[in-house]
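In: Below is the structure, and that's it, no one-letter string:
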């Protein structure tokens, strides 16, 4: 009897461990800039040609040029860039942490970018606003939450992380329906925190980083990208997803 009980518990534990392993299983997506994105196995990369077409469509309809280079979504999605999804771009050129922090704390450029994105895409975006935002000196990352109403899609929540490296900034944006933000905002935050950098790419403070002209960030452009990036979900419906 004890033998059967022990065997039954062993099988249950083995099944649980296997299921847990499947849930935690991740895949790596390498970029051309020396960093790697890690996501669960139920996510996939959006083909580069689709991302380029979406960029062109956003520029055409929203009148705000974008330069997203990588995108990711759930494999189960019915079309390209169905919410939730992730957009990533690299901003070349080393940015000074002190300059970025100073510009970030002024908030004027942030508001200017928010207003410009809203005005340029007034027929497609409304109610755009920023929620909580912060700067983490340990990871050299600025992150903030945004919210906007996308025509025909409803309220969309966005998470943006701008991570500084020795080679430039990594802008990581995740979007989901507002009703799903409790699940996906932490997911996006975790994915951004777990970006893998190649050797020598990690940010290292320098003795001249306090000089104002070093490492300025175009916050206006960053905020516009963070808000307008949510339109990809709208335009993605124009491109039928093919089976991988």
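Out: Cool, the structure landed. The structure displayed is predicted, hence computed values, not measured ones. Residues are numbered from 1 along each chain as shown.

In: Name the residue closest to the centre of this protein, please.
Out: Residue closest to the average C-alpha location in the chain (C-alpha atoms, centre = their mean): residue 173, at 2.1 Å.

In: Next, give phi and psi for that one.
Out: phi -130, psi 130 (degrees, to the nearest 10).

In: For residue 222, see how far away it is.
Out: Per C-beta to C-beta, to the nearest Å, residue 173 is found 10 Å from residue 222. In short, each C-beta sits where N, CA and C put it, glycine included.

In: Please enumerate the shared neighbours of these two.
Out: Residues touching both residue 173 and residue 222 (C-beta atoms under 8 Å, 6 or more residues apart in numbering): residue 160.

In: Report pLDDT for the residue nearest to residue 221 when sequence neighbours are not counted.
Out: Nearest non-adjacent residue to residue 221, counting by C-beta to C-beta, 6 or more residues apart in numbering: residue 113, 6.9 Å away. Per-residue pLDDT puts residue 113 at 77.

In: so residue 113 sits in a strand?
Out: No: read with DSSP: H, G, I helix; E, B strand; the rest coil, residue 113 is helix and lies in no strand.

In: Could you pull up the contacting residues of it?
Out: 219-224, 227.

In: any idea which of those is closest to residue 124?
Out: Proximity of the contacts of residue 113 to residue 124 (C-beta to C-beta) peaks at residue 227, which lies at 10.6 Å.

In: from what I can see, that closest one looks like it's in a helix, true?
Out: Yes: counting by three-state DSSP, residue 227 is located in a helix.

In: And it, how far from residue 100?
Out: For residue 227 relative to residue 100 (C-beta to C-beta), the value is 19 Å.

In: Same drill for those two, tell me which one is more crowded.
Out: Higher neighbour count among residue 227 and residue 100: residue 227, with 29 against 22, using other C-beta atoms under 10 Å.
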